[in-house]
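K.L.:
could you work out the structure for the sequence below:
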Amino acid sequence: MSKQISAEYVKELRDKTGAGMMDCKKALQASDGNIELAIENLRKKGLAVADKKSTRTATEGIIESYIHAGSRIGVLVEVNCETDFVARRVEFHRLAKDIAMQIAACPSVSYISLDSINQDIIINETRIESEKEDLINKPKDIKDKIISGRIQKRLKEKSLLSQPFIKNPDISVEELIKQNIALLGENIKVRRFEKFLLGEGLVKKVNDFRSDVKNIINKG
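P.N.:
Numbers count the residues shown, from 1 in each chain. Modelled structure (predicted):
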């Protein structure tokens, strides 16, 4: 006989995972009311569902924006889904806003995923690492292993999907998207983004007050 689970408990699990009410109830019953185990099982199930949908075409969606406090950092991001219906869902808008906020909070992020990083970048990073002084006297096999580990770490720092989600560091941005794929039932992709930093690329003029006063006096 299935264990009786209260509606409040089911709602709590739904709020934490975004999964459907019946899925939450079944997950709690299967875990004897252990909410952490239920979350883990739902996450595994959600990721499996998301993987099946990841090859489906996503051409609808929205362009979301985020302006950080102080208006010195701004982000535009395009997030795609399969239908206009899902594009209007509040959960989809919330996801797009969270992704835009994530980009603003990660100064090193320049690419969507590891797969989107240009091979020339990887070759150059590898060359720089291989020439570092602390590796010069290392045996080749150990040196190669250290370089590989450092490069992977560096590339993950540049990849949006590899970042720990700022609102829940226990999951990555990629896992966050997959959870929403399971919730909304459609493939979801981050297609592109652009970050704007106030004054970026401009040469800031430094005023020399003494020189200005001297010039005014001389002209007089």
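K.L.:
can you pull the pLDDT of residue 214?
P.N.:
Per-residue pLDDT puts residue 214 at 60.
K.L.:
so where's this protein shaky on pLDDT?
P.N.:
Along the chain, the model assigns pLDDT under 70 to residues 1-3, 15, 17-20, 46-49, 204-220.
K.L.:
show me the strands in it, by range?
P.N.:
60-67, 73-81, 164-165, 168-172, 189-197 (DSSP state E).
K.L.:
check which residues of the last one are buried.
P.N.:
Residues of strand 189-197 classed as buried by neighbour count (16 or more other Cβ atoms under 10 Å): 189-190, 193, 195. Every residue, glycine included, has its C-beta placed from N, CA and C.
K.L.:
repeat for the second one
P.N.:
Of all the residues in strand 73-81, those buried under the rule 16+ other Cβ under 10 Å are 73-75, 77-81.
K.L.:
can you give the strand pairings for it, parallel or anti for each?
P.N.:
Neighbouring strands of strand 73-81 in its sheet, by DSSP bridges, are strand 60-67 (antiparallel), strand 189-197 (antiparallel).
K.L.:
let's have those strands in TSV, adding distance to residue 16.
P.N.:
Listed next are the strands paired with strand 73-81 as TSV, based on distance: least, Cβ to Cβ, whole Å:
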stretch	distance to residue 16
strand 60-67	23
strand 189-197	23
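K.L.:
for residue 89, find the nearest of the ones you listed.
P.N.:
strand 60-67 (10.3 Å; Cβ to Cβ).
K.L.:
ok, and for the closest one, which residues are buried?
P.N.:
60-62, 64, 66.
K.L.:
pull the residues that contact it.
P.N.:
73-84, 86-87, 92-93, 96-97, 99-101, 103-104, 188, 191 (Cβ atoms under 8 Å, 6 or more residues apart in numbering).
K.L.:
how many neighbours does residue 85 have?
P.N.:
12 (other Cβ atoms under 10 Å).
K.L.:
meant to ask about residue 102, not that
P.N.:
23.
K.L.:
residues contacting it?
P.N.:
Contacts for residue 102 (Cβ under 8 Å, 6+ apart) come out as 109, 160, 163, 165-166, 173.
K.L.:
from these, which would you call buried?
P.N.:
109, 160, 163, 165, 173.
K.L.:
nearest to residue 50 among those residues?
P.N.:
After measuring those against residue 50 - Cβ to Cβ - the closest member comes out as residue 173, at 13.1 Å.
K.L.:
what sits up against stretch 122-133?
P.N.:
Residues contacting stretch 122-133 (Cβ under 8 Å, 6+ apart): 135, 143, 147, 150-151, 154-155.
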